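Fold the following for me, if possible:
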Amino acid sequence: MNPPHDLRPAPRPFESWKVEIWLRIRRHFALKVVGTTAFTWLFFIGYFHLLRQPAGPVTVMPLTALDHLIPFQPQALVAYFSLWLYVGVAPGLQLTFRELVVYGLWVGALCLTGLAAFFFWPTQIPPMTLPPTDFPGFAILQGVDAAGNACPSMHVAIAIYTAIWIEHILRQAGAPMLLRLANGLWFAAIAWSTVAIKQHVVLDVVAGAVLGIVFVLPSLRWRPRPAAIPAVWSGYHEATLPAGRFGGRARRS
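The predicted structure is shown next:
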């Protein structure tokens, strides 16, 4: 007599990336939220100290032809502030505690390098006369974050580091191209906003992108070996589970 067949449906291929991403978000969620918040505040302590008390003469960054072509766009402040949401996405997608710690160490090295650049080479953007605006939050930005600590743009450095990590995870999980494109557009909006609201000049953005790439590439190479995705496919029989993404049947945690 043949054994009864399990008639419960196997997950369709296009659903597998959703399960993996949801699992990554759930793992160590509270630690990720608290850790990212604490890390951000520590960075700002050093950032604002150097902003208000530069260690030496401040270099004024030159304007390029592209800076003159980009108009002042206060509405870009929305994208500028969105970095503080965006920056939590990549650590939020780390699967294991070890991966999360190593990610944090690489980001910490990136931030310390940026702060060291501000210490040894204080910079600011040139004085600009901006059109008056009552766009919400703009007066607060100008009062808190003066146009110093300009080069490299840490906004862009952290954003491109985050973007490349998110792209790596989404691609490995088999996420649809539309989601990966949205990630790229979010990064582009953040980078554009730094110049559009006149917090940075183009050279700051280029230097920030280079700094982020210098750290993100080795961070993807020298990191813990990716763990197999546990079998947490709710509502499906274990026999229907696909092979683990890194070889072999997915394991239960």
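
Run through the protein and note the low-pLDDT ranges.
For the chain, the stretches with pLDDT under 70 are 1-15, 142-146, 227-253.

could you say which helix or strand contains the residue nearest the centre of the chain?
For the chain, the residue nearest the mean C-alpha position is residue 162 (2.5 Å; C-alpha atoms, centre = their mean). For residue 162, the host element (DSSP states H and E) is helix 154-173.

What is the distance between the helix or strand just after that helix and the centre of its chain?
Note on helix 154-173: by DSSP H and E, the next helix or strand toward the C-terminus is helix 177-196. Taking C-alpha atoms, centre = their mean, to the nearest Å, the mean C-alpha location of helix 177-196 is offset from the chain mean by 11 Å.

Just to check, residue 213 is in contact with residue 159?
No: using C-beta atoms under 8 Å, residue 213 is not in contact with residue 159, being 11.5 Å away. Yep, even glycine has a C-beta here, placed from its N, CA and C like the rest.

Looking at those two now, which is surrounded by more residues?
Taking neighbours as other C-beta atoms under 10 Å, residue 213 and residue 159 compare with residue 159 leading, 28 against 13.

what comes up buried for the helix or strand hosting residue 204?
Here residue 204 sits within helix 202-221, counting by DSSP H and E. For helix 202-221, burial by neighbour count (16 or more other C-beta atoms under 10 Å) applies to 202-209, 211-212, 215-216, 219.

so what secondary structure elements neighbour that helix?
Helix 202-221 sits against helix 97-120, helix 154-173, helix 177-196, with contacts defined as 3 or more C-beta pairs under 8 Å, 6 or more residues apart in numbering; DSSP states H and E.

what about the residue nearest to residue 183 when sequence neighbours are not counted, how many neighbours?
Spatially, and ignoring its direct neighbours in sequence, residue 183 is nearest to residue 166 (4.9 Å; C-beta to C-beta, 6 or more residues apart in numbering). A count of nearby residues for residue 166, using other C-beta under 10 Å, gives 23.

I'd assumed residue 94 was in contact with residue 166.
No: using C-beta under 8 Å, residue 166 is not in contact with residue 94, being 11.2 Å away.

How many neighbouring residues does residue 30 have?
Neighbours around residue 30, by other C-beta under 10 Å: 7.

Could you tell me whether it really is in a strand?
No: read with DSSP: H, G, I helix; E, B strand; the rest coil, residue 30 is helix and lies in no strand.

where does it sit relative to residue 220, distance-wise?
Using C-beta to C-beta, to the nearest Å, we find residue 30 at a distance of 26 Å from residue 220.

and if you look at residue 120?
28 Å.

that older thread, remind me what the helix holding residue 162 packs against, helices and strands.
Contacts defined by 3+ C-beta pairs under 8 Å, 6+ apart place helix 154-173 against helix 16-26, helix 83-86, helix 89-92, helix 97-120, helix 177-196, helix 202-221.

just checking, what packs against the third one?
Taking 3+ C-beta pairs under 8 Å, 6+ apart as the contact definition, the neighbouring helices and strands of helix 89-92 are helix 29-52, helix 97-120, helix 154-173.

Mean neighbour count, those helices: which tops it?
Highest mean neighbour count among the helices and strands packed on helix 89-92 (mean count of other C-beta atoms under 10 Å): helix 154-173, with a mean of 22.

Can you give the distance from that one to the centre of its chain?
Centroid separation between helix 154-173 and its chain, computed with C-alpha atoms, centre = their mean, is 5 Å.
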